[in-house]
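# test case, fold it:
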Amino acid sequence: MAILPIVAYPDPRLRAVAEPVERFDADLRQLAADLLDTMRAAPGVGITAPHVGVPLRLVVLELTPGEVRTYANPQMLWASPETARATEGSVSMPGVTEEIERPARVRVGWRDLDGAAHEEEAEGFLATCHQHEIDQLDGVFWLQRLSRLKRERVIARYGKLRRG
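Alright, predicted model coming up:
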């Protein structure tokens, strides 16, 4: 297990569409373990393989300490017409957050680390996390969900933090 370097905004790799996981093997399990260590060190509650420069559709979530969820090839199967607002940020852009409106409930399909197919319905914070991380796998960085004015303000705040 290792803590991997995180790709920092505005690296163009954060806007690339990730490739599907095709091999469910020891290398994939190692990557998932490394993602977990990296996410905890960041710190964060969710991370994708693209966040560490690996263009694969792999997500690790830990919304509650010790409850790790790993999703290979996650996809949105359904989203509710009702919406909810939640504060979001990214391990690739630490120190800044903003509120984003998304569907309140979703159904997600994915494969586990052995390749078995699963589905789950989610609401609340888990639904937000699924949408946020699947967006990342699709090359949609969370800032793209903000209005132009809010996006510019977040980028300016992040720039100030980086300059220190």
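
# how about the contacts made by Pro94?
Taking Cβ atoms under 8 Å, 6 or more residues apart in numbering as the definition of contact, the neighbours of Pro94 are 42, 161. C-beta here means a position set from N, CA and C on the backbone, and glycine is covered the same way.

# that one: which element?
Counting by DSSP states H and E, Pro94 is held by no secondary-structure element, helix or strand.

# buried stuff in stretch 69-77?
Of the residues in stretch 69-77, 69-75 count as buried by neighbour count, 16 or more other Cβ atoms under 10 Å.

# so how far is that stretch off the chain centroid?
Centroid displacement of stretch 69-77 relative to its chain, using Cα atoms, centre = their mean, to the nearest Å, is 11 Å.

# backbone dihedrals for Leu35, please?
The main-chain torsion angles of Leu35 are listed as degrees, to the nearest 10 and equal phi -60, psi -40.

# what about the closest residue to Ala127 other than its chain neighbours, helix or strand, and which?
Of all residues beyond its chain neighbours, the one nearest Ala127 is Val106 (4.8 Å), with distances taken as Cβ to Cβ, 6 or more residues apart in numbering. In this assignment (DSSP H and E), Val106 forms part of strand 105-111.

# same deal with Trp78?
strand 67-79.

# I'd say Ala86 and Thr128 touch.
Yes - because the distance of 4.3 Å satisfies Cβ atoms under 8 Å, Ala86 is recorded as touching Thr128.

# the two: who's more crowded?
A direct count of neighbours by other Cβ atoms under 10 Å for Ala86 and Thr128 places Thr128 higher, at 23 against 17.

# check which helices and strands the helix or strand harbouring that one sits against.
In this structure, Thr128 is located in helix 124-137 according to DSSP H and E. Under the contact criterion of 3 or more Cβ pairs under 8 Å, 6 or more residues apart in numbering; DSSP states H and E, the helices and strands touching helix 124-137 comprise strand 46-48, strand 58-64, strand 67-79, strand 83-88, strand 98-103, strand 105-111.

# contacts only, for Met76.
The neighbours of Met76, taking Cβ under 8 Å, 6+ apart as the test, are 106-108, 130-131, 134.

# distance of it relative to Arg85?
According to Cβ to Cβ, to the nearest Å, Met76 and Arg85 sit 19 Å apart.

# kindly report the same for Glu120.
Taking Cβ to Cβ, one finds Glu120 at 22 Å from Arg85.

# do the same with Asp135
Taking Cβ to Cβ as the criterion, Asp135 is separated from Arg85 by 16 Å.
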